[in-house]
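Novice: next comes the sequence, and after it the predicted model I'd like to discuss.
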There are 2 protein chains.
Amino acid sequence: MRQITRGRLDLERASLLAETFKGLGDATRLRLLSILLEGETCVSDLAEQTETNQSAVSHQLRVLRNLGFVSNRREGKNIYYQIDDEHIEGLFNLALEHSYHLDSKE
Amino acid sequence: MRQITRGRLDLERASLLAETFKGLGDATRLRLLSILLEGETCVSDLAEQTETNQSAVSHQLRVLRNLGFVSNRREGKNIYYQIDDEHIEGLFNLALEHSYHLDSKE
DNA sequence: TGAACGTGTGAACACATATTCATATATCAG
DNA sequence: CTGATATATGAATATGTGTTCACACGTTCA
């Protein structure tokens, strides 16, 4: 059982966490993740479904890969991406709750 | 009981979520929040404890206020900030778990 | 081998963002 | 009112980031 480190963040740990949140701080990346949460998808399908050009998708997938959010595998000419992190869905849902929370404040 | 909206994110909702994550995507802001999670704190103390100049702290507190993460109250010359969102701690902890997850991959 | 297709990558550009400096505003003490 | 203190704010600057374009690379198929 992992003991979560609580208490004040030092600069180094804060920077690490900031990287994680920054990775989720872009609408295109969130939409890619949202599609991938429904299942493995290849790059061209991701581009089509998000109405984003293929190069932009590739760039953003690299960001997600570097953060350990997704992984990929080649199958012929296609490369399929998949979620490779168990916390993304939770982060999604908490952030959604926050947005509802905001609604109710206004 | 709130029904969480799942499934694919449209652009508008994705942008909203991205704002939330962007707000957490900065080490200075995360450290401020981390201190505030321990209790209400005034601006000058926040600046001192993060070794950040007062103006920068004020700017970042404004960002956090605009996102609904914190609120404040004046007491004499001081202004005390406090956490005003129930999801921040959860987001913190999930992101921490993700960072441990990353460690174990390398 | 060569053409077609899917994907990755570097450069360039436009735009966003964090920090600093100077200064404004608000409150309090005298 | 005056000066001191706490905080906010706008402008300037440096740095980061997302997208596009052009092209490279790898795979398949004929």
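Specialist: Everything's here; your move.

Novice: CA atoms for contacts and neighbours, from now on please.
Specialist: Noted.

Novice: number of residues surrounding the residue lying closest to residue A:53 once chain neighbours are set aside?
Specialist: In space, and not counting its chain neighbours, residue A:53 is closest to residue A:47: 5.8 Å by C-alpha to C-alpha, 6 or more residues apart in numbering or on different chains. By other C-alpha atoms under 10 Å in any protein chain shown, the residues close to residue A:47 number 17.

Novice: could you list every residue that touches residue A:47?
Specialist: Neighbouring residues of residue A:47 by C-alpha atoms under 8 Å, 6 or more residues apart in numbering or on different chains: A:53, A:54, A:57.

Novice: what helix or strand is it on?
Specialist: helix A:43-50 (DSSP states H and E).

Novice: average pLDDT across that helix?
Specialist: Per-residue pLDDT values across helix A:43-50 average out to 98.

Novice: next SSE after it?
Specialist: Using DSSP H and E, the first helix or strand after helix A:43-50 is helix A:54-66.

Novice: can you pull out the helices in chain A?
Specialist: A:11-24, A:27-36, A:43-50, A:54-66, A:88-105 (DSSP state H).

Novice: quick one: the first one to helix B:88-105, angle?
Specialist: Comparing the axes of helix A:11-24 and helix B:88-105 via axes from the mean of the first three to the mean of the last three C-alpha atoms, to 10 degrees yields an angle of 100 degrees.

Novice: show me which residues of chain A sit near DNA strand C.
Specialist: A:42-45, A:54-56, A:58-59, A:61-62, A:77-80 (C-alpha under 7 Å from any atom of the strand).

Novice: what does chain A put close to DNA strand D?
Specialist: So far as C-alpha under 7 Å from any atom of the strand goes, chain A lies against DNA strand D at A:22-23, A:25-26, A:28, A:52-53, A:55-57, A:59-60, A:75-77.

Novice: which of those residues tops the neighbour count?
Specialist: Going by other C-alpha under 10 Å, residue A:25 tops those with 23 neighbours.

Novice: now do the contacts for that residue.
Specialist: Contacts of residue A:25 by C-alpha under 8 Å, 6+ apart are B:17, B:18, B:19, B:20, B:21, B:22, B:23, B:25.

Novice: run the last query once more with 10 Å
Specialist: Shown in contact with residue A:25 (C-alpha atoms under 10 Å, 6 or more residues apart in numbering or on different chains): A:19, B:14-25.

Novice: pLDDT score for it?
Specialist: For residue A:25, the model assigns a pLDDT of 97.

Novice: for residue A:103, same thing?
Specialist: 69.

Novice: any weak-confidence spans in chain A?
Specialist: Applying pLDDT under 70 to chain A flags residues A:1-6, A:103, A:105-106.

Novice: do that again at 50, thanks
Specialist: A:1-3 (pLDDT under 50).

Novice: buried residues in stretch A:27-35, which are they?
Specialist: A:27, A:28, A:29, A:30, A:31, A:32, A:33, A:34, A:35 (16 or more other C-alpha atoms under 10 Å in any protein chain shown).

Novice: now, which of these sits nearest residue B:87?
Specialist: The nearest member of those to residue B:87, counting by C-alpha to C-alpha, is residue A:30 at 18.7 Å.

Novice: hmm, back to that, among the buried residues of stretch A:27-35, which two are most distant?
Specialist: Maximum distance among those (C-alpha to C-alpha): 12.4 Å, for A:27 and A:35.
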